[in-house]
Each structure stands twice: as structure tokens, then as C-alpha cells.
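Peer 1: Curious how this folds, go ahead:
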Amino acid sequence: MPFAQTDDAKIYYETHGSGTPLTLVMGLGGTSQWWFPQTPVFAQHYNVVVLDNRGVGRTETTHPDFTTRDMAADVIAVLDAAGIEKTHLCGISMGGMIAQYVVLDHGDRIDRLILSCTLPGGMESVQPAPEVAEALTLAEDDGDLLQAFQATASILFPPEYLAEHMTELMMMFAEQQILPPSKDALAAQLGAVMKHDTFDRLGEIANRTLILHGDADVLVPPQNSELLAQGIQHSTLKVFPGNGHALNIQSKDEFNRTILDFLA
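Peer 2: The predicted structure is shown next:
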């Protein structure tokens, strides 16, 4: 199993396929396995790189307090370990925040950028409703898997989609609990999200950028993608009607096709 070593972390990563590199960065609490609807599809066209962020999966860190900028440095460490000079970069949710810092700090290593269901942070960002924040707290409870599933699902998917796909989603959630994150790890990642702020630097992003968001996202309200689109000069915003936060799962086929068209 390949790892990239930094001063205070040992980052697990995988590569799939061949060709031009495409690096995928997952969101809060998710391991590289949560890209399961994308990795095999994208690997037919690209050298796909996925990684476990600090605090989840097989990645280890000795630093209990880190930022999205620290995790951006982890992405660069993975690229170095994999021998990749330049890559397309896609980040979802917290992964999109990490991706912003990757581009801002290492713009020469990134070609095209995809930001999905994410935000720039800072005072200008639109926050979720109090009841959503409460559900997120319940989702962090690693003592009751059923409660964690119900809370997680309620903030990732719209009610109509949940009602139609409940059994499928429960099976998916159970499969992803092979390496469940600890409560402390989730709290550390959430702390990194809360501290994230690239709003005043969005104008520095010169990469061609695709911004994706579901208009029914209650965790990261879609107005945040409008802020990203306004701040990033060479950007295109695509909104998915009726989609929640887990856009890459709910509308996986359209999500994948949109990204492949953008990169092509």
C-alpha cells in the first residue's frame, strides 16, 4: 500500500488507470473509498489519484490540530510520492476547500480545477440552518451506527431521494464503515472546515474551474458556489436541480459526464 510521508503525517493514497493525472479529494469524514461512483469511470480515461485525508481511513497523523491548508500540503506530498508533476484536481465539500489551497499555494502543479458542493469560508459564506448543524453533531456520534446513518443521510440527500433509496444507502453506509473515523478525528476535520477562509484570495485562482452544486444542498447552501463563481475569473457554475450535498452519489452519471466533458 503506497503512502506519502510528511513531517507529521503518513498519507495513504491509491492510483488507478493511466494517462493524464486526475486527483480526487474527499470531504468531511470520507475516505478515498467514497469516490466509488467516480474512480472506475474516470480511470478509463485518466490516471486517477485518491487519498485518505488526515484523520480518516489509513492515513495517520501525530498532529491533533490541523487546517485545510495543511491537508492541501498533504495532497502535494502525495503527488510528489506518486511522481506526478501536474494534475487536474477535483474536490468535494471539505475536499473542495483543500483544493482551493492546493491551487493557491501550488498553482503550477494544477491544470483544471473542479469544486463541488463547497465554499470559500469567511464571514461571507452562507451557513447551514441550526437543525442541520445539530444533525451533523449526531452524525459524528460513533457510538450508535443507526443514529449516525440517519443523521448523515438526512444532511447528504433530499427527503424524496432518501425515501426511494433507503435500503441501497444503508448498505452503502455499512460498507464504508470498515474503517470508520473516530469522533476526535471528525472533530479535528470539522475544526479545519470552520477555520477555512480563502474568500479574499479567490481572484488569485487563474485555473479554468468548474463549480458544481445541488440546489437542495442543506449542509453547504448553494449560494456558496455563487460566491466561488463570482470570485474565480475563469469559472463555470453548473447547478443540479433536486440534488443534495452528496452530488457525486445522487446524480453520479451526470456528475461524471459533466466532469469528463469539462476535462476533455
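
Peer 1: So the closest residue to residue 53 other than its chain neighbours, which state does it fall into?
Peer 2: With CB to CB, 6 or more residues apart in numbering as the criterion, residue 53 has its nearest non-adjacent residue at 5.5 Å, and that residue is residue 71. (Glycine included, C-beta is placed from N, CA and C.) The three-state label for residue 71, taken from DSSP: H, G, I helix; E, B strand; the rest coil, comes out as helix.

Peer 1: what's the neighbour count on residue 71?
Peer 2: 28 (other CB atoms under 10 Å).

Peer 1: Hmm, residue 225 and residue 235 touching each other?
Peer 2: No. At 9.5 Å, residue 235 does not count as touching residue 225 under the criterion of CB atoms under 8 Å.

Peer 1: Looking at these two, which one has more neighbours?
Peer 2: Shown here are residue 235 and residue 225; by other CB under 10 Å, residue 225 has more neighbours (28 against 19).

Peer 1: Contacts only, for the more buried one.
Peer 2: 115, 117-119, 211-213, 237, 239 (CB atoms under 8 Å, 6 or more residues apart in numbering).

Peer 1: Which member of these is positioned nearest residue 264?
Peer 2: Of all the contacts of residue 225, residue 264 sits closest to residue 212, with 16.1 Å by CB to CB.

Peer 1: average pLDDT for stretch 206-215?
Peer 2: The average of the pLDDT scores along stretch 206-215 is 98.

Peer 1: Please compute how far it lies from its chain's middle.
Peer 2: Relative to its chain's centre, stretch 206-215 lies at 13 Å (CA atoms, centre = their mean, to the nearest Å).

Peer 1: what does stretch 106-115 give?
Peer 2: With CA atoms, centre = their mean as the basis, stretch 106-115 stands 15 Å off its chain's centre.

Peer 1: who's in contact with it?
Peer 2: 20, 72, 76, 79, 85-91, 96, 99-100, 102-103, 205-212, 225, 228, 259, 262-263.

Peer 1: Just the contacts of residue 225: which are in strands?
Peer 2: With strands taken from DSSP state E, the overlap with the contacts of residue 225 comprises 115, 211-213, 237, 239.

Peer 1: wait, which of those residues is closest to residue 126?
Peer 2: Nearest to residue 126 among those, with distances taken as CB to CB, is residue 213, at 11.5 Å.

Peer 1: Could I get the contacting residues of that closest one?
Peer 2: Counting by CB under 8 Å, 6+ apart, residue 213 has contacts 116-117, 220, 222, 224-225, 237-240, 247.

Peer 1: I'd like to know how far the nearest residue to it once chain neighbours are set aside sits from residue 262.
Peer 2: With CB to CB, 6+ apart as the measure, residue 225 is the residue that lies nearest to residue 213, at 3.9 Å, once sequence neighbours are left out. As defined by CB to CB, to the nearest Å, residue 225 lies at a distance of 15 Å from residue 262.
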